[in-house]
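> let me see the structure of the following:
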Amino acid sequence: MFSARTSLISLVTVAALILPAAMSQAVDRYVPSLTYPSIQSAINAASVGDTIYVGNGTYHESLSWIGKDLIIKGMGVGNTIVDPSTATGGPGGSCSAPKT
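Residues are numbered from 1 along each chain as shown. Model prediction:
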């Protein structure tokens with residue numbers, strides 16, 4: 001027969017196993033938005049497994065997401081453009097992703 005102590009230990013163990021999994025759920029982030037005005041701001045805030053949805057437009061920024069396992073989705077070829085070149089007002093540089 002289970003005692004109250006055994007039941008409490010079992011409950012605490014189950015909570016300790018489930019809680020981290022619930023807290024690490026992937027998040028959808030949207031650019032541009034008040035929270036993420038740039039793609040890089042969304043990348044900086046993102047965690048493993050997050051998806052960043054980038055709206056139509058040309059984004060003049062360099063991007064780096066090295067060390068982050070993310071999904072970045074635009075609105076289609078020709079609709080979402082990342083152009084870091086200085087000739088078009090960007091900061092220069094490039095977009096850096098993890099090597100697979």
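> show me where the chain has its strands.
Remark: strands assigned in the chain by DSSP state E are 28-31, 51-54, 57-59, 63-64, 71-73, 80-82, 95-96.
> looking at those strands, which is nearest to Asn44?
Comparison of the strands of the chain against Asn44 by Cβ to Cβ identifies strand 63-64 as nearest, at 9.4 Å. For every residue, glycine as well, the C-beta is placed using N, CA and C.
> what's that closest one in contact with?
Contact with strand 63-64 is made by 39-40, 43, 82, 84, 95-96, as judged by Cβ atoms under 8 Å, 6 or more residues apart in numbering.
> for the residue positioned nearest the centre of the chain, which non-adjacent residue is closest in space?
Centroid check for the chain by Cα atoms, centre = their mean gives Ala46 as the closest residue, at 3.1 Å. Among residues not flanking Ala46 along the chain, Leu70 sits closest, at 5.4 Å (Cβ to Cβ, 6 or more residues apart in numbering).
> what pLDDT is listed against that neighbour?
Leu70 carries a pLDDT value of 93.
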